[in-house]
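**Q** Got a predicted structure plus its sequence, pasted below:
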Amino acid sequence: MAEGCAAADITPDSKLGALLERWPGLEVALLEISPHFQALRNPVLRRTVAKVATLRQVASVSGVPLATLIDRLRAAAGLPPLAVAAAGDAPAASPPAWLAGATPARTHDARAAIQAGEHPMQRVMADLAALAPGEAYELVTPFVPAPLLDLARAKGFESYSAAEGEGLVRTWFRRAGAPG
């Protein structure tokens with residue numbers, strides 16, 4: 001499906017940025033759903049993260065159930081309801097065993113870069129590519145970087161994210177199946 005077609009409907013795989021372009025009024029609906037969406041008022045985040053984040057990823061980051069998010073946005077856009085299966089990919093509640101005692105080989109605090117309008121994806125993927133088996137990588141962001149987690153997973157990395165307060169999320173990566 002072409003990217004432009006994704007904005008013709010509101011589904012779990014729709015890109016948030018495309019939806020906001022097609023239905024600007026959805027921003028108000030998002031703000032009513034959760035205060036997490038205040039960040040969308042930041043033009044930098046809107047240009048970067050919202051452009052690549054799917055509603056499935058947005059639901060995961062915000063803690064809003066995917067079905068609720070889809071229902072509310074479809075109603076706001078004047079679309080009929082859509083049956084959405086419950087997401088089975090909720091984040092792990094406790095750290096994985098591989099993280100116990102792990103010392104990151106590298107750490108990247110991307111908060112300032114994100115605030116400045118830069119997207120850390122290219123740097124993080126380069127850092128991960130240089131990671132030796134058994135080494136861990138720590139990324140610090142103001143939110144769970146759901147699109148980046150999906151990309152890293154597709155490239156053979158596993159991850160764990162933990163929120164440590166408002167605007168502080170630490171995510172650890174390592175090569176999937178690595179010893180340790």
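**A** Noted; the coordinates are in hand.

**Q** excluding its backbone neighbours, what's nearest residue 58?
**A** Leaving aside its sequence neighbours, residue 58 sits nearest to residue 16 (Cβ to Cβ, 6 or more residues apart in numbering; 5.5 Å). All C-beta atoms are positioned from the backbone trio N, CA, C, and that covers glycine.

**Q** Got phi/psi on that neighbour?
**A** For residue 16, the backbone dihedrals are phi -60, psi -40 (criterion: degrees, to the nearest 10).

**Q** wait, it sits on residue 54?
**A** Yes. The pair residue 16 and residue 54 qualifies as a contact (Cβ atoms under 8 Å) at a distance of 7.3 Å.

**Q** neighbour count winner among those two?
**A** The residue with more neighbours, out of residue 16 and residue 54, is residue 16; 23 against 19, by other Cβ atoms under 10 Å.

**Q** Tell me, what's the model's pLDDT at that one?
**A** What the model reports as pLDDT for residue 16 is 91.

**Q** Can you name the residues that contact it?
**A** For residue 16, the contacting residues are 40, 50, 51, 53, 54, 55, 58, by Cβ atoms under 8 Å, 6 or more residues apart in numbering.

**Q** Check residue 119 too.
**A** Residues counted as contacts of residue 119 (Cβ under 8 Å, 6+ apart) are 48, 49, 113.

**Q** switch the cut-off to 10 Å
**A** Contacts for residue 119 (Cβ atoms under 10 Å, 6 or more residues apart in numbering) come out as 44, 45, 47, 48, 49, 51, 52, 110, 113, 145, 147, 148.

**Q** immediately after the strand or helix carrying residue 17, which helix or strand?
**A** If you go by DSSP states H and E, residue 17 is part of helix 16-22. Next in sequence after helix 16-22, counting helices and strands by DSSP H and E, comes helix 26-33.

**Q** In terms of secondary structure, what does that next one contact?
**A** Secondary-structure packing of helix 26-33 (3 or more Cβ pairs under 10 Å, 6 or more residues apart in numbering; DSSP states H and E): helix 16-22, helix 55-62, helix 66-77.
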